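Asker: Generate a structure from the sequence data that follows.
(2 chains)
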Amino acid sequence: MSENTQRKEPLTDRRKFILNMARGIGLATLGGFIWSAYVDEVTASTLLLRPPGALDEADFLSTCIKCGLCVEACPFDTLFLAKPGDNKPVGTPYFTPREVPCYMCTDIPCVPVCPTGALDEQSLMTEGKFDINKAEMGVAVIDAHSCIAFWGIQCDACYRACPILGTAITIEYSKNERTGKHAFMKPVVHADVCTGCGMCELACVTEKASIFVLPKEVAMGRAGDHYIKGWDKEDDKRVRDAEAKTTKTELSKKPAIDSLNEGLEDLY
Amino acid sequence: METLWNNYRYLVLRRVTQLTLLVLYFGGNAWGWSILRGNLSSSLFLDVVPMSDPYAALQMLAAGAVLATDLLIGVAVVTIFYMLIGGRAFCSWVCPVNMITDAANFLREKLGINRVQGLKQPASRKIRYWVLVLGLIISAVMGVTAFEFISPISMVHRGIVFGLGFGWAAMLVIFLFDLFVLKDGWCGHICPLGGFYSLIGRFSLIKVHHDEAKCTLCMKCKVVCPEHQVLHMVGKQSAPVLSGECTNCARCIEVCDDDALEFSIRKLVNYKTGVRDENNQ
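Answerer: Below is the predicted model:
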């Protein structure tokens, strides 16, 4: 009886407030996790090429305001803002070299218009002047299996298309043993010079481009601080900045005979 | 004809403003016009004046980005502008989503969904402030501008200026949500940008003013208002609509047959007394 009447009593203000706050926090947590999961998914795409001067992808995603001023500034309609359904971080600028590459304007109109600094002018400066050759939009990669120059057919389309011809892409000559009288003229990309503009990718004559631009983060490895070109003075300096990390295996205190036979019991 | 104009003048002006802005932004991208370039997230007016979305900038700050000077100037321009003319004037005069939710609301009334659901709303209008804070928290945790990746406002506007993609789906979701789930659902309950502009607009100069002496208690204003809680003084006392949640859409002004509601420049001194000042009418 008393229990029933208690149940029907209206909630006190205090209780109501606490319950409402709990509801709010619960819903916020629920929504927050769904929201976070979605944001995590849509920003996971790493295979896209940014305009010149773009910050590292992580910084770029926090700094780009998605206004499209770079897109409007580009005279070649190279850049696009990712649309919903493109499976790229929505609203951020990118380009597809096989369709329209970056034509490496010397005045780099897409960069100074950026209101947030997601496209960094300073990273493209040499002695106070714009230098588009400093751009690091990506790096061209060659698939030697489908590149017809590697088959022995003469083609230097990518080499001719390269705006830093002879430096970013060079031609390597070697003897074609199969015919015995011809030469291979194989294109070689130099990753330290290549800007990732993608003019080679557009020029490539194969059905699907055999030379294509990938983001540097995707296409390149990293030797780490343990491997130094001892013959190169510049590289030698790296030792000083190397993060000293030694790995040490503790000596076993067991007698060798036990140690060697350990774990073999299970095999019999 | 005159009554028609009288009853819809602000609605027409708002649609004209919204569409003009869309055309100017579209022209900025498609035809190289220099009046407005960019989109509502950040833009350039006449190639000189930067304008940037202050809530986007807050998310960037939370995400750990370094805010550039151009961005800060743009944020200041937008913030001061809406602080003067009423924060949520953005919502009813600029934002393209307003046309979608107004359409949903119109259809909702015509189909009689309001009568099926009743006027009791199952959701709080404070949700938008929770979403606003949540957006900043997720930005901080994930290191990206969280709301900018789901914002239907940016998606729709960017879609119209730069290419829509599946952005139509975002439009449809909002339309259906407002039509069938919750009256004034997106703009009046959830949108954190609206919540943000509510906070900014609290102290704005342009306010709707209610004159109780003229009011005949027909309550047309409360029916038409997308944020009817801001009209709590109607029929009770002469006072300005001070809540920042008022979008200054002026629908209440044009539906009032008794001229009991009018735009006024806010009295900075004696508004609390609620005494009508003839000079400001």
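
Asker: okay, CA-based contacts and neighbour counts for the rest of this
Answerer: OK.

Asker: so where's chain B uncertain?
Answerer: In the predicted model, chain B carries pLDDT under 70 at residues B:1, B:117-121, B:266-281.

Asker: need the contact list for whichever residue of chain B sits closest to chain A.
Answerer: Nearest residue of chain B to chain A: residue B:144, at 4.2 Å (C-alpha to the nearest C-alpha). Applying C-alpha atoms under 8 Å, 6 or more residues apart in numbering or on different chains, we find residue B:144 in contact with A:58, A:61, A:62, A:63, B:59, B:60, B:63.

Asker: Which strand or helix spans the first one?
Answerer: Residue A:58 is part of helix A:57-63 when elements are defined by DSSP states H and E.

Asker: next helix or strand past that helix?
Answerer: Heading C-terminal from helix A:57-63 (DSSP H and E), you reach helix A:69-73.

Asker: Which residues does the next helix-or-strand element following that following helix contact?
Answerer: Using DSSP H and E, the helix or strand that follows helix A:69-73 in sequence is strand A:80-81. If you take C-alpha under 8 Å, 6+ apart as the criterion, strand A:80-81 is touched by A:66, A:68, A:71, A:90, A:91, A:92, A:93, A:94, A:95, B:162.

Asker: neighbours of the fourth one, just the number please.
Answerer: Residue A:90 is flanked by 20 other residues according to other C-alpha atoms under 10 Å in any protein chain shown.

Asker: Quick one: the strands in the stretch 1-150 of chain B, in order.
Answerer: B:36-39, B:42-45, B:49-52 (DSSP state E, counting those that start in this stretch).

Asker: Mind checking if the second one is in reach of chain A?
Answerer: The one in question is strand B:42-45. Yes. Interface with chain A: strand B:42-45 contributes B:42, B:43 (C-alpha under 8 Å from any C-alpha of the partner chain).

Asker: what distance separates that strand from the centre of its chain?
Answerer: The chain centre lies 19 Å from the centre of strand B:42-45; the measure is C-alpha atoms, centre = their mean, to the nearest Å.

Asker: Now stretch A:113-123: buried residues?
Answerer: Neighbour-count burial for stretch A:113-123, counted by 16 or more other C-alpha atoms under 10 Å in any protein chain shown, picks out A:113, A:114, A:115, A:116, A:117, A:118, A:119, A:120, A:121, A:123.

Asker: helix or strand for the second one, which one?
Answerer: So that's residue A:114. For residue A:114, there is no enclosing helix or strand under DSSP H and E.

Asker: wait, isn't it in contact with residue A:73?
Answerer: No. If you go by C-alpha atoms under 8 Å, residue A:114 and residue A:73 don't touch, sitting 9.7 Å apart.

Asker: before we move on, the earlier item: so of the contacts of strand A:80-81, which ones are in strands?
Answerer: A:93, A:94 (DSSP state E).

Asker: between the contacts of strand A:80-81, which is closest to residue B:84?
Answerer: residue A:66 (26.5 Å; C-alpha to C-alpha).

Asker: The closest residue to chain B within chain A and residue B:52, how far apart?
Answerer: Proximity of chain A to chain B (C-alpha to the nearest C-alpha) peaks at residue A:62, 4.2 Å away. With distances taken as C-alpha to C-alpha, to the nearest Å, residue A:62 is found 15 Å from residue B:52.

Asker: rewinding a little: check contacts around the residue of chain A closest to chain B.
Answerer: Counting by C-alpha under 8 Å, 6+ apart, residue A:62 makes contact with B:60, B:63, B:64, B:65, B:143, B:144, B:145.
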